[in-house]
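Colleague: need coordinates for the following:
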Amino acid sequence: MESTQFSLGPLLIVMLLALVVPVAVSRIQAFRIPIVVGEIIVGIIVGKSGLNWVQQSQWLQFLQFFGLAYLMFVSGLEIDFAVLRPAPKGAPGLRRWFVNAPTFATVAAGLTFTLSIIFSLWLQREGIVRSPLLFALIMTTTSLTVVVPVLKEYDLLVTAYGQLLLSAAVIADFFTMLLISVAASLYRGGLSANILLVFVLVLALILAYLVLRRMSGLHTAFRSLAHGTAQLGIRGALALMVVFLVLSQALGVQAILGTFLAGVLVALLSPNKRTDMQNKLDAIGFGFLIPIFFIMVGVDFNFRALLHDPKALLLLPLLFVATYLFKGLPALLLRFAYPWRETWAGALMLTTQMSVTVAATEVGVRIGAISNGVGTAIILVAMLTSVLSPIGFGKLLPPQKETLRHQVLVLGDTLEAEMVAEQLRHSEEPWRWIAQPGGISPESKKTQQKTDPQKGEGFNTVDLQWSGQVDHRNSDAALIAIDIPANEAKVAFVDLGRDGENHRLANALHTAGVPSVICVQRDPEAFVQNRDRSPFVVVHPQLSFPQFIGLLIQNPLSEQVLTSPDHLAMEQVIIHRRSWAGKKLADVSLPGNLLVLSMVRDGAQWVPHGDTNFELGDRVIVAGAHEEIAAFRKLAEAHRGGG
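Modeller: Reported below is the predicted structural model:
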């Protein structure tokens, strides 16, 4: 190792830039710049088009390639096929079709691709591009790495509107990734049987999923060795990525498709939308490999090739206008379901391009299907859309109603459900208890608002609107039949007294977009099985008791909260105040003696300290007097507020 023949100086510069960029970008308050755009810009400054401090080397080329492969891997992790669910029945006419996520996403992507292929064929005739199919697919891509954070920032991921936009981005990225490999194979070898090798990877994905999801013993081993020095889940995920990478190389298929499908496989095998393992994988990628890739894209950025290529210069404004037209116009189908402001905002959001666009452009330049000048123009347009589109989205989006998802729902007439409802009586949370009376028939179902004089005003009981069974074949129909206000709920506690119906109703509520669902399972075997596979919290009244006692032993404040519910409480508050983004906990003046117990961000939970920074969308667990929590909530949830 002492006779190392390569210089680490360029890598040091790249890593220092990767450290500085997020801090610098977060300081810009006038408008939002994605970190990846900042990384490309600093790469341009220190690269061949700027100061020329960093040159390509064999070592950096490997890290850039592996960073690209890993970027596609984490892009696959973002694919959530649960968003591609049918819309509820009952929407009239065309609206029914275009509130259906798969239909809207497929039609929008199909129209964008059709317009793009026509434009690309004209560009080929003019001698500007060499592969119209590859160029059209690049134009069709949408950046999940920009769309997801923006939707999360505006609390739209759990809304039907946000799910439509997310589904359009998922469809665009998933199918363009598949077809980009086909287009690259066509360009290199023409129409041949080798193109079918692309679909061998898809078959490998399906087979691996079917085999791995049935290996319950393997799941147990992964859980038991998931932490400490073992980190078996991380090792397994990275091993899958390398397996698909090697398989792609053996089949002669683009490596980015292999790692993308490996990410999709890991996402499919993970029961929750965001698991601790996925957050760790993100940390590896966005903390090391992916910044190197984007900075090196900037280092290789060749302004001279653009300036010396008249056709590429002509393409730059044409591509900018065409991107907004071809991707924005199909998104106007949103007008069948939403007012004009939401429609224009959604159309702007879906024009965003970045990660997959840059990755596909790199492939096109590497195989000679795209010239260096044209590749530079594509990346410039992608950078502009990733900055301008989120700004326009925020300006056009109407203010959200503060009444959305404000209720806590308690579903069931068991003793545990009644105890939870009784506990909510002492909180300031809006809540609703929906109980199932015995023997109610579909013909006599009706809603009854009750006030129990012994429990105090506001103890709301509503007869559950159903015939006694949850329709497990159609989750949306189940909620409609029961008349549960899922669109108003931020938390739902489900305990109907029967494990199967508990789980089906909890799944229906989760599918309907309720952010937090708690499901009771009394059978120990069902509890263990569903706890590991369900995308919501599963609890067992008896098995959870030891953990509860441990909480009391380790946290004396918890005992005070339980024994003095009228004076102390523990609640969750979501951070919406923009001026708090990036601010340290120690720099925020907390009301009275309020304590911040824990913080949840992107599925990961930890105990904060004074140097912990707030970020928009953080879920903070606080404890203190009711009036102190109310004051903190008012400060933290000043939606899109100022200082």
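Colleague: C-alpha only now, for contacts and for neighbours.
Modeller: OK.
Colleague: let's see stretch 408-416 as PDB, backbone CA atoms only.
Modeller: Output of stretch 408-416 as PDB, limited to C-alpha atoms (Å, rounded to 0.1, in the frame of the first residue of the first chain):
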ATOM      1  CA  VAL A 408     -57.100  10.900  15.600                       C
ATOM      2  CA  LEU A 409     -59.400   7.900  14.800                       C
ATOM      3  CA  VAL A 410     -60.100   5.100  17.300                       C
ATOM      4  CA  LEU A 411     -61.800   2.200  15.500                       C
ATOM      5  CA  GLY A 412     -63.400  -0.600  17.500                       C
ATOM      6  CA  ASP A 413     -65.500  -1.300  20.600                       C
ATOM      7  CA  THR A 414     -62.900  -3.400  22.600                       C
ATOM      8  CA  LEU A 415     -61.700  -2.500  26.100                       C
ATOM      9  CA  GLU A 416     -58.400  -1.300  24.700                       C
END
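Colleague: run the chain-centre distance for the helix or strand hosting residue 200.
Modeller: Assigned by DSSP states H and E, residue 200 belongs to helix 197-212. A distance of 24 Å separates the centroid of the chain from that of helix 197-212, by CA atoms, centre = their mean, to the nearest Å.
Colleague: and if you look at stretch 167-178?
Modeller: Relative to the centre of its chain, stretch 167-178 is centred 14 Å away, using CA atoms, centre = their mean.
Colleague: tell me which residues are up against that stretch.
Modeller: 79-80, 83-84, 101-102, 104-106, 108-109, 137-138, 140-144, 147, 198, 257, 260, 350, 356 (CA atoms under 8 Å, 6 or more residues apart in numbering).
Colleague: next one: residue 489 from residue 531, what distance?
Modeller: In this view, residue 489 and residue 531 are 22 Å apart by CA to CA, to the nearest Å.
Colleague: quick one, which of those two is more surrounded?
Modeller: The neighbour count for residue 489 versus residue 531, taken as other CA atoms under 10 Å, is higher for residue 489 (24 against 18).
Colleague: from residue 201, how far out is the more buried one?
Modeller: Residue 489 sits 41 Å away from residue 201, going by CA to CA.
Colleague: so where is the stretch 151-300 of the chain shaky, pLDDT-wise?
Modeller: 152-153, 155, 157-158, 189-194, 216-230, 271-276 (pLDDT under 70).
Colleague: and the strand or helix carrying residue 375, how far out from the chain's middle?
Modeller: Taking DSSP H and E as the criterion, residue 375 maps to helix 372-396. Relative to its chain's centre, helix 372-396 lies at 21 Å (CA atoms, centre = their mean).
Colleague: got the contact list for that helix?
Modeller: Contacts for helix 372-396 (CA under 8 Å, 6+ apart): 31-34, 37, 128-129, 146, 150, 301-303, 305-307, 309, 312-313, 315-316, 319-320, 341-342, 344-346, 348-349, 351-354, 357-358, 361-362, 364-365.
Colleague: next helix or strand past the helix or strand that contains residue 490?
Modeller: If you go by DSSP H and E, residue 490 is part of strand 489-494. Sequence-wise, the next helix or strand downstream of strand 489-494 (DSSP H and E) is helix 499-511.
Colleague: mind listing what's buried in that next one?
Modeller: 499, 501-511 (16 or more other CA atoms under 10 Å).
Colleague: what helices and strands are in contact with that helix?
Modeller: Here helix 499-511 touches helix 475-482, strand 489-494, strand 516-520, going by 3 or more CA pairs under 8 Å, 6 or more residues apart in numbering; DSSP states H and E.
Colleague: now do it, average pLDDT.
Modeller: In this model, helix 499-511 has a mean pLDDT of 83.
Colleague: residue 301: what's it in contact with?
Modeller: Taking CA under 8 Å, 6+ apart, we find residue 301 in contact with 43-44, 47-49, 376.
Colleague: just those: which are in strands?
Modeller: Cross-referencing these against strands under DSSP state E gives no overlap.
Colleague: and those as TSV, adding neighbour count?
Modeller: Below are these laid out as TSV (neighbours: other CA atoms under 10 Å):
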residue	neighbour count
43	30
44	24
47	24
48	20
49	17
376	28
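Colleague: of these, closest to residue 608?
Modeller: Using CA to CA, residue 43 is the member of those that lies nearest residue 608, at 33.8 Å.
Colleague: now the closest residue to the closest one other than its chain neighbours: which helix or strand?
Modeller: Using CA to CA, 6 or more residues apart in numbering and skipping the chain neighbours, the partner closest in space to residue 43 is residue 298 (3.9 Å). In this assignment (DSSP H and E), residue 298 forms part of helix 290-300.
Colleague: and for residue 408?
Modeller: strand 407-411.
Colleague: could you check how far residue 268 is from residue 241?
Modeller: Distance, residue 268 to residue 241, by CA to CA: 14 Å.
Colleague: same thing with residue 75?
Modeller: Distance from residue 75 to residue 241, counting by CA to CA: 12 Å.
Colleague: hey, what's in contact with both of these two?
Modeller: Applying CA under 8 Å, 6+ apart, one finds that residue 75 and residue 241 are jointly contacted by residue 263.
Colleague: re earlier: in helices only, show me the contacts of residue 301.
Modeller: Members of the contacts of residue 301 lying in helices (criterion: DSSP state H): 43-44, 376.
Colleague: which one of the residues you listed is nearest to residue 333?
Modeller: For the ones in helices among the contacts of residue 301, the nearest to residue 333 is residue 376 (31.6 Å; CA to CA).
Colleague: confidence score at the closest residue to residue 120 other than its chain neighbours?
Modeller: Counting by CA to CA, 6+ apart, residue 120 lies nearest to residue 132, which is 4.7 Å off, once chain neighbours are set aside. Residue 132 carries a pLDDT score of 91 in this model.
Colleague: ok, residue 132 - contacts?
Modeller: Counting by CA under 8 Å, 6+ apart, residue 132 has contacts 117, 120-121, 123-124.
Colleague: among those, which lie within helices?
Modeller: Under the assignment DSSP H, the contacts of residue 132 contribute 117, 120-121, 123-124 to helices.
Colleague: where does the prediction get shaky in the stretch 351-500 of the chain?
Modeller: In the predicted model, the stretch 351-500 of the chain carries pLDDT under 70 at residues 400-406, 426-429, 436-488.
Colleague: what does residue 9 show for phi and psi?
Modeller: Phi and psi for residue 9, reported as degrees, to the nearest 10, are phi -60, psi -50.
Colleague: that one: how many residues sit nearby?
Modeller: Other residues close to residue 9 by other CA under 10 Å number 11.
Colleague: repeat that for residue 433.
Modeller: Residue 433 is flanked by 27 other residues according to other CA under 10 Å.
Colleague: got the CA positions of the helix or strand where it lies in PDB?
Modeller: Residue 433 belongs to strand 431-435 when assigned by DSSP H and E. Presented in PDB, the C-alpha positions along strand 431-435 are these (Å, rounded to 0.1, in the frame of the first residue of the first chain):
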ATOM      1  CA  TRP A 431     -60.300  12.800  17.900                       C
ATOM      2  CA  ARG A 432     -63.200  10.500  17.000                       C
ATOM      3  CA  TRP A 433     -64.100   7.100  18.300                       C
ATOM      4  CA  ILE A 434     -65.900   4.800  15.900                       C
ATOM      5  CA  ALA A 435     -67.400   1.700  17.600                       C
END
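Colleague: related to what we said a few turns ago, can you add distance to residue 281 and give the buried residues of helix 499-511 back as JSON lines?
Modeller: Below are those laid out as JSON lines (distance: CA to CA, whole Å):
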{"residue": "499", "distance to residue 281": "34"}
{"residue": "501", "distance to residue 281": "35"}
{"residue": "502", "distance to residue 281": "32"}
{"residue": "503", "distance to residue 281": "29"}
{"residue": "504", "distance to residue 281": "31"}
{"residue": "505", "distance to residue 281": "32"}
{"residue": "506", "distance to residue 281": "28"}
{"residue": "507", "distance to residue 281": "27"}
{"residue": "508", "distance to residue 281": "29"}
{"residue": "509", "distance to residue 281": "28"}
{"residue": "510", "distance to residue 281": "25"}
{"residue": "511", "distance to residue 281": "25"}
